[in-house]
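Novice: I'd like to go over a predicted model; first the sequence, then the structure.
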Amino acid sequence: KFASDITVEIQKRSLALLEMSTPVTKIWDGVLFAPIVGIVDSKRSVDIMDKALNSIADTRASTLLLDIGGVAVVDTAVANHLIKIARAAVLMGCKTIISGISPAIAQTIAELGIDMGAIQTTSTIETALRDAIARTGG
């Protein structure tokens, strides 16, 4: 009984942490912002995608800003997760701009030969925000 109570409590807390881990917030009419911090694994990327797509549907956003400046490591898996999120958003009519591309991240993506395709990237959230607001006509 005690072990099962602890397991249930751990699961509840894990879900609560996951909910707080990547907020998707409306920051301008038609613009959503998702700051991604820490480690991105398959489970977390699915959560980020679910939150982003639901937020796009709820707000009818035309632009999603994903800021990866706080991501610990960007490797092939992380880059592929980001590309999947961006492509899914496009299917819903929402452009994705990935910001926070540091020199190290840019070098890693280039060295790994990862094709970011038509996904817009910027080094700063300020540039991404300016571009997003310009897209809305604001």
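Specialist: Everything's here; your move. Numbering: from 1, shown residues only.
Novice: after the worst-scoring helix or strand of the chain on mean pLDDT comes which helix or strand?
Specialist: When each helix and strand of the chain is scored by mean pLDDT, DSSP states H and E, helix 2-21 comes last, with a mean of 68. Later in the chain than helix 2-21, the nearest helix or strand by DSSP states H and E is strand 25-28.
Novice: Partner strands of that following strand and their direction?
Specialist: Strand pairing for strand 25-28, using DSSP bridges, gives strand 31-38 (antiparallel).
Novice: got the contact list for the partner strand?
Specialist: Identification of contacts with strand 31-38 by CB atoms under 8 Å, 6 or more residues apart in numbering yields 21-27, 48, 51-52, 55-56, 59, 61-72, 94, 125, 129, 132-133, 136. All C-beta spots, glycine's among them, are computed from the backbone N, C-alpha and C.
Novice: List buried residues within those.
Specialist: The neighbour count (16 or more other CB atoms under 10 Å) marks 21-22, 24, 48, 51-52, 55-56, 59, 61-68, 71, 94, 125, 129, 132-133 as buried among the contacts of strand 31-38.
Novice: Please flag which of those sit within helices.
Specialist: Judged by DSSP state H, the buried ones among the contacts of strand 31-38 include S21, I48, K51, A52, S55, I56, T59, I125, L129, A132, I133 as members of helices.
Novice: Could you check how far the fourth one is from F2?
Specialist: Pointing back at A52 there. Applying CB to CB, to the nearest Å, the value for A52 to F2 is 39 Å.
Novice: Helix or strand: which one has V90?
Specialist: Here V90, judged by DSSP H and E, is contained in helix 76-91.
Novice: where does the chain dip in pLDDT?
Specialist: Counting by pLDDT under 70, the chain shows low-confidence ranges at 12-20.
Novice: centroid residue for it?
Specialist: Centroid-nearest residue in the chain: L66, 4.2 Å away (criterion: CA atoms, centre = their mean).
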